[in-house]
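*Asks:* Pasting a predicted model and its sequence here:
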Amino acid sequence: MKEAHRIKSEIDAAYAGLAPVVADLSAYIYNNPETAFQEYKAAEKLTSALSAEGFSVMREAGGLETAFRATFDNAKADDDAIRIGIVAEYDALPGLGHACGHNVIAASAFGAAVLLKRAMQSEHIPGVVSVIGTPAEEDGGGKIILAERGVFAGLSVCFMMHPTSGKTRIAGKCLSSREMNLSWKGVSAHAEAHPENGVNALDALHVYYAAVACLRQQLPPDVRIAQVVANGGTDVGMIPDLASLKADIVSEDENLIPTTEKMKNCARGAALATGTEVVIEERAGYRGRLPNKTLGDVFKMNLGILGEPVMDGMPPDFGTTDFGDVTRLMPCCNPYVSLLPERKISNHTEEFRELAISERSVKVTEIAAKVMAYSAVDLLLDRTIVSAAQEEFERSV
């Protein structure tokens, strides 16, 4: 414990010199918002900075142009060395920029990895640290693609911070999601002259939407359904022969497929009622986060050392994240550090966007970088923590 305390003091001292670089990264990514799979500037800025710090950088990881894996290997030929992953995400929201604070996530991942690397070098601590750069969290599930292509392979544990509001917390479970595209095909006809010759696809969408509205009362309380009309016709004078809708279903794992099936039945019933044909396309979305109490306790301890108040337990939330898929691969920890401790607001808002570049965001980035580096040091110095985390993970999946 004395050794860990001394190394953490060295990490504090090292951050003082690193802070301007971290702040510059956060501001650059914030001021150059790039949406899903288009994060070329952010990826280049991060990989260049990591390369300058001595990391071996694999660009275009998993075949994605804006993904990367940057590694410092101090394993000393030990195949059983502890390998720590730190996730950076850096995509922005269309029209809103960094209203989810991904600039803070990316900058703190860089800061944590560099602090850890320097400590490993100066203290001759064996192990491996990798920064995984992941595009398209907001739309596209970049981490899911990278996981399928082996970019997360070989890691012992993985960390990712996320900015929040209200009291800082260690994230517990969140919800899983599934997506559907629904299209009804009918027959076009002149709406005034010969409406009897038409088969109205928009009517089918309307019947479906009403059916789902009725269905909601019988759904479990964790279920969330978000829908938007993609096409309801183009000419008010014509019976629409095509109507389509996008749906996102979010719930606990056990309710996801049953809810999806009920919604598909609503779509089929609407087609039957209106004489249209329905085409249903569905795909898996994000899997819910699987928390790890062993790692969470380490992070809570270190947040305490940093003087950051933390919620009790690991509270669940109703959001979704593609980091949830990573938590199904290995023990993970997802600390949520607060940009606005005094009250809770929603992210994906203009107010949250302003917080992501505020004076408090600089402090949050520092706290996040240090707590991830502190916690990684604890794991590297005490293999039993990693073993306990892995045993908990095996019981949970």
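*Replies:* Noted; the coordinates are in hand.
*Asks:* so residue 110 touches residue 88, yeah?
*Replies:* Yes: taking C-beta atoms under 8 Å as the contact criterion, residue 110 and residue 88 are neighbours in contact, 6.8 Å apart. All C-beta atoms are positioned from the backbone trio N, CA, C, and that covers glycine.
*Asks:* Name the residues contacting each of those two.
*Replies:* Any residue near both residue 110 and residue 88 by C-beta atoms under 8 Å, 6 or more residues apart in numbering counts here, and that gives 46, 131.
*Asks:* do you know how far the residue nearest the centre of the chain is from residue 194?
*Replies:* By C-alpha atoms, centre = their mean, the chain has its centre lying nearest to residue 321, at 3.5 Å. Residue 321 sits 51 Å away from residue 194, going by C-beta to C-beta, to the nearest Å.
*Asks:* Equivalent analysis for residue 268, please.
*Replies:* Shown here: residue 268 relative to residue 194, a distance of 28 Å by C-beta to C-beta.
*Asks:* Please say which of the two ends up with more neighbours.
*Replies:* The neighbour comparison of residue 268 against residue 194 (other C-beta atoms under 10 Å) goes to residue 268, with 14 against 10.
*Asks:* quick check, that one in a strand?
*Replies:* No: assessed with DSSP: H, G, I helix; E, B strand; the rest coil, residue 268 is helix; it does not lie in a strand.
*Asks:* wait, what's in contact with it?
*Replies:* The neighbourhood of residue 268, defined by C-beta under 8 Å, 6+ apart, consists of residue 278.
*Asks:* Residue 384 versus that one, what's the distance?
*Replies:* Summarising the geometry, the distance separating residue 268 from residue 384, computed by C-beta to C-beta, is 54 Å.
*Asks:* again, but for residue 84
*Replies:* Residue 84 is 16 Å from residue 384, where distance means C-beta to C-beta.
*Asks:* Stretch 186-204 spans what distance, first to last residue?
*Replies:* Chord length of stretch 186-204, first to last residue, is 9 Å (C-alpha to C-alpha, to the nearest Å).
*Asks:* What are the boundaries of the helices in this protein?
*Replies:* For the chain, the helices defined by DSSP state H cover 2-31, 40-52, 102-123, 142-148, 201-215, 253-274, 293-305, 323-326, 350-355, 359-381, 383-396.
*Asks:* Quick check: buried residues in stretch 23-33?
*Replies:* Along stretch 23-33, these residues count as buried under the neighbour rule (16 or more other C-beta atoms under 10 Å): 23, 25, 26, 28, 29, 30, 32, 33.
*Asks:* Can you convert those residues into JSON lines and add a column each for pLDDT and distance to residue 240?
*Replies:* Conversion of these to JSON lines gives the following (pLDDT from 0 to 100; distance: C-beta to C-beta, whole Å):
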{"residue": "23", "pLDDT": "98", "distance to residue 240": "53"}
{"residue": "25", "pLDDT": "98", "distance to residue 240": "49"}
{"residue": "26", "pLDDT": "98", "distance to residue 240": "47"}
{"residue": "28", "pLDDT": "98", "distance to residue 240": "46"}
{"residue": "29", "pLDDT": "98", "distance to residue 240": "43"}
{"residue": "30", "pLDDT": "98", "distance to residue 240": "42"}
{"residue": "32", "pLDDT": "98", "distance to residue 240": "41"}
{"residue": "33", "pLDDT": "98", "distance to residue 240": "36"}
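*Asks:* Would you map the strands across the stretch 101-250 of the chain?
*Replies:* In the stretch 101-250 of the chain, strands defined by DSSP state E, counting those that start in this stretch lie at 127-134, 157-159, 162-165, 169-170, 176-185, 224-231, 242-251, listed in chain order.
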